[in-house]
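Colleague: Sequence first, predicted model second:
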2 protein chains.
Amino acid sequence: MDDGRKILVIIMDGLGDRAVKSLGHRTPLQCANKPNLDWFAANGTSGIMDIISPGVRPGSDTSHLALLGYDPFKVYTGRGPFEAAGVGLVGKAGDVAFRCNFATVDDRMNVTDRRAGRIKAPDTTELARALDGMRIGDVTAVVKEATEHRAVLMLQGPGLSPYVSDADPHALSAVQSSEPLRPEAALTAEAVNEFVRRSYEVLKDHPVNQRRIAEGLPPANALLPRGAGVFPDIQPFQEKYGMTASGVAGVSLIRGICRVCGLEVIEATGCTGGTDTDMEAKACAALRELERKDFVLMNVKATDIDSHDSDPRRKIESIERLDAMARTIRDNVPAGTVVALAADHCTPVEKGDHSGDPVPLTIYAEDGIRDGVTSYDEVSCARGALGRIRGVDLMPILIDKADRSVKFGA
Amino acid sequence: MDDGRKILVIIMDGLGDRAVKSLGHRTPLQCANKPNLDWFAANGTSGIMDIISPGVRPGSDTSHLALLGYDPFKVYTGRGPFEAAGVGLVGKAGDVAFRCNFATVDDRMNVTDRRAGRIKAPDTTELARALDGMRIGDVTAVVKEATEHRAVLMLQGPGLSPYVSDADPHALSAVQSSEPLRPEAALTAEAVNEFVRRSYEVLKDHPVNQRRIAEGLPPANALLPRGAGVFPDIQPFQEKYGMTASGVAGVSLIRGICRVCGLEVIEATGCTGGTDTDMEAKACAALRELERKDFVLMNVKATDIDSHDSDPRRKIESIERLDAMARTIRDNVPAGTVVALAADHCTPVEKGDHSGDPVPLTIYAEDGIRDGVTSYDEVSCARGALGRIRGVDLMPILIDKADRSVKFGA
């Protein structure tokens, strides 16, 4: 493989849209003032991209897998393992991850508060640490706190299966016995049940809970697993493409996708994954990573949030802030870098949710053909020289434009 | 699944064309005056569509399967079962259908008239009824008359196979013994031969034939099966998509495709499937169906017939009648409906037969992006924001535009 150019992929979350009535049947992208995004279009090659396939409505997890070149129909095993990875628990293929709640139960294991009085860190951090590393036969339980009252449980060991029912009753009733949903899952269900029993023993008299009870707060004396999912067998990014890679993202689920694929996930100060994201800080972090890595993916979330909130005006403002960020990229990206402007899916503001419409795509490279497209939007990009491609095709195209592709044949 | 908008797919049969010399190297669509078809293009999103895949020349059966979202390479088992369904015989997966002629044979089973003096209904109706329900071991023979001297035979029972040769000699010679073309077809071939033998016994002295002989007409004393085909294992449309659906079509084969896919087939008064089709009546029937169903497919045949007759001027006139029909649709379609204008294949007038060229496609939805295409024709649509898609992609795209798609991932 040649020692090629660097690659920067900028994912503007939920950016694509449909014709918005209040905007005169135009899209927010068509209405925004965005000279820098347009500069990339005017000096790049554009097209539209079906993230999964035409009409298929992606989640943010399946979309990022596809954009990183992994077929989600083969490697997507549900949300659980990617959420676990989002908080830092990256398992091996076959490990089983669960989303959990810290909850309050009475001495007959009836749930009295599903969120243990909305407990959060640092209490959850301490309680998770008390459970982390529990051995159940050949199985090890890895536990880590997540946002608010949530935590992640990962079971590691031979012969595990994700086909078990939830211990979490999803209601104020008795903790459920996890049952195998397939014969091969008997051992896993047993491990879950043993974990729940022993967690109660460990937690009920834990100093954190003694303090909470003294303060009149509900103790977090149970950890209730749900939504089992197995870690997929994913070829690490660096091995697959021969490139070192970083991901800059604020959203936990997307950080998890990056981690499971083997990208280093970067903290960018001021990047929270909300509309208050410091886009400039994220751009700077991405540019810093480009100095030391071959490939950087960055995800900026604001436009998706505006869309879920059905706020076309705020989406236009977010696009204009994205445009300022694009100026920073344009001015500071290392010479020769191949830059892709894309979205992970459309989130039409009138719909308030993801759609399966194709997203606009511009690929900028110094030697890329210029196709006469001068605006980065859903309609203009569709007239570009990239035509209509699929999400899993993006990585091979970028790798080739970066002069890193391997010749097939002689 | 969301409770989404309605979908209307208008298939203008054989509409697409090539550059016609006598039209100054333009296509009939480029020459026709069609302000209403163009209105849909101007207010919709356009593209071109390879019904099967680029360069593959579709039949009307494989094309409609693809347009309904069924991969014809997986579910198309030959014309027989779809023709049977066209006359109302919809079998279960594994049932075997044959196209048949009512014929005249002598007492040594030599064919003397392959069409029994071009017999037709009501004679064929009565004779079919005399054979219908015949039991041959575990096999039941279902028989129904079709157009003119034709009929359909459907064998139902365990262990049937379509791999048998024809009993019809396709010439004025001895009725053939049906032979198994694969070892597992021995039972089926035996059933066909027994059916042919016993049909002769039932038909030769049937009152209809006694009357025909008295009138000097050839008796229809044999029913000769050919073209065996097995009913495919097709997931019913409503189960596949969660939508109720109707098909409005005059052509028997297309009605059969609709029925096998589980669409309700609608009679539209005045709709014969010929050039005298009352297009307005068909449009009204489709609009009526849209009031009570989620999805309606309508097929209008005239342009295909003009093309097979190599009559470009008449094809232009048919397009202009289609345009009047499009006005009715435009003015009366329920608010929010997603409307697709498409063809099932091109039938170039100079060729007089189907071609594998892509067809023009416009998808209209109130919130669809407007791409600047202002004419519904082969060239203009190719510049539209849908780009180039495949027939099997149409349904997922329409379902997503109707806000009925399921999210893949989180």
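Modeller: Sure thing, it's come through.
Colleague: which residues does residue A:307 contact?
Modeller: Shown in contact with residue A:307 (CB atoms under 8 Å, 6 or more residues apart in numbering or on different chains): A:14, A:17, A:315, A:347-349, A:352. All C-beta spots, glycine's among them, are computed from the backbone N, C-alpha and C.
Colleague: rerun at 10 Å
Modeller: A:13-17, A:28, A:314-315, A:318, A:345-355 (CB atoms under 10 Å, 6 or more residues apart in numbering or on different chains).
Colleague: just residue A:124 next, same as before
Modeller: Contacts of residue A:124 (CB under 10 Å, 6+ apart): A:102, A:116, A:143-151, A:208, A:220, A:223.
Colleague: Spell out which two among these are the most distant pair, please.
Modeller: The span of the contacts of residue A:124, defined through CB to CB, is set by A:147 and A:208 at 18.0 Å.
Colleague: And the two? Which one has more around it.
Modeller: Neighbours per residue, other CB atoms under 10 Å in any protein chain shown: of residue A:147 and residue A:208, the larger number sits with residue A:208, 18 against 12.
Colleague: give me the element that one is part of.
Modeller: With elements taken from DSSP states H and E, the one containing residue A:208 is helix A:207-214.
Colleague: Check which element follows that helix along the chain.
Modeller: Next along from helix A:207-214, by DSSP H and E: strand A:222-230.
Colleague: who touches the one residue in the stretch 101-250 of chain A that gets nearest to chain B in this structure?
Modeller: Residue of the stretch 101-250 of chain A nearest chain B, by CB to the nearest CB: residue A:227 (10.3 Å). Counting by CB under 10 Å, 6+ apart, residue A:227 touches A:78-80, A:83, A:97-100, A:162, A:166, A:168.
Colleague: got any ranges where the stretch 301-410 of chain A has weak pLDDT?
Modeller: Residue ranges of the stretch 301-410 of chain A with pLDDT under 70: none are present.
Colleague: Okay, strands next: where are they in it?
Modeller: Along the stretch 301-410 of chain A, the segments classed as strands by DSSP state E, counting those that start in this stretch run A:338-342, A:359-364, A:387-390.
Colleague: Present those as CSV; the columns should include distance to residue B:38 and mean neighbour count.
Modeller: As requested, the strands of the stretch 301-410 of chain A are exported to CSV (distance: least, CB to CB, whole Å; neighbours: other CB atoms under 10 Å in any protein chain shown):
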stretch, distance to residue B:38, mean neighbour count
strand A:338-342, 33, 25
strand A:359-364, 26, 27
strand A:387-390, 23, 16
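Colleague: For chain B, find the nearest of those.
Modeller: Each of those was scored for nearness to chain B using CB to the nearest CB, and the closest is strand A:387-390 (3.4 Å).
Colleague: which of the contacts of residue A:227 are close to chain B?
Modeller: A:78-80, A:83 (CB under 10 Å from any CB of the partner chain).
Colleague: ok, back up a step: now render the strands of the stretch 301-410 of chain A as TSV, adding distance to residue A:285.
Modeller: As requested, these are arranged in TSV below (distance: least, CB to CB, whole Å):
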stretch	distance to residue A:285
strand A:338-342	16
strand A:359-364	20
strand A:387-390	28
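Colleague: still on that earlier bit, I'd like to know which of the contacts of residue A:124 are buried.
Modeller: A:102, A:116, A:143-146, A:149-151, A:208, A:220, A:223 (16 or more other CB atoms under 10 Å in any protein chain shown).
Colleague: Looking at those residues, which are in helices?
Modeller: residue A:208 (DSSP state H).
Colleague: Dump the buried ones among the contacts of residue A:124 into TSV; add pLDDT and distance to residue B:379 as well.
Modeller: Listed next are the buried ones among the contacts of residue A:124 as TSV, based on pLDDT from 0 to 100; distance: CB to CB, whole Å:
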residue	pLDDT	distance to residue B:379
A:102	97	63
A:116	96	66
A:143	98	63
A:144	97	59
A:145	96	61
A:146	94	55
A:149	95	60
A:150	95	56
A:151	96	60
A:208	98	72
A:220	98	67
A:223	97	64
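Colleague: Out of the ones next to chain B among the contacts of residue A:227, flag the one nearest to chain B.
Modeller: residue A:79 (4.4 Å).
Colleague: was I right about that closest one contacting residue A:65?
Modeller: No. Between residue A:79 and residue A:65 there is no contact under CB atoms under 10 Å: 11.9 Å.
Colleague: Around chain B, which positions in the stretch 301-410 of chain A sit nearby?
Modeller: Checking the stretch 301-410 of chain A against chain B by CB under 10 Å from any CB, the hits are A:345-346, A:348-351, A:353-358, A:360, A:377-384, A:386-389.
Colleague: List buried residues within those residues.
Modeller: A:345-346, A:348-351, A:354-358, A:360, A:377-384, A:386, A:388-389.
Colleague: I figured residue A:384 was touching residue A:360, is that so?
Modeller: Yes. Contact criterion CB under 10 Å: residue A:384 and residue A:360 qualify, at 8.8 Å.
Colleague: Pull up the overlap in contacts between the two.
Modeller: With CB under 10 Å, 6+ apart as the test, residue A:384 and residue A:360 both reach A:41, A:46-48, A:373, A:376.
Colleague: Quick check, central residue of chain A?
Modeller: By CA atoms, centre = their mean, the mean C-alpha position of chain A lies nearest to residue A:254, the distance being 1.4 Å.
Colleague: Work out the gap between the helix or strand hosting that one and the centre of the chain.
Modeller: According to DSSP H and E, residue A:254 maps onto helix A:252-260. For helix A:252-260, the distance from its own C-alpha centre to the chain's C-alpha centre is 5 Å (CA atoms, centre = their mean, to the nearest Å).
Colleague: State the phi and psi torsions of residue A:31.
Modeller: Torsion angles at residue A:31 (phi, psi; degrees, to the nearest 10) stand at phi -90, psi -20.
Colleague: And for it, the neighbour number?
Modeller: Residue A:31: 18 surrounding residues under other CB under 10 Å.
Colleague: I'd assumed residue A:349 was in contact with it.
Modeller: No. Using CB under 10 Å, residue A:31 makes no contact with residue A:349, being 11.2 Å away.
Colleague: where do the contact lists of those two overlap?
Modeller: With CB under 10 Å, 6+ apart as the test, residue A:31 and residue A:349 both reach A:17, A:20, A:23, A:312-313, A:315-316.
Colleague: Nearest to chain B among those residues?
Modeller: residue A:20 (7.3 Å).
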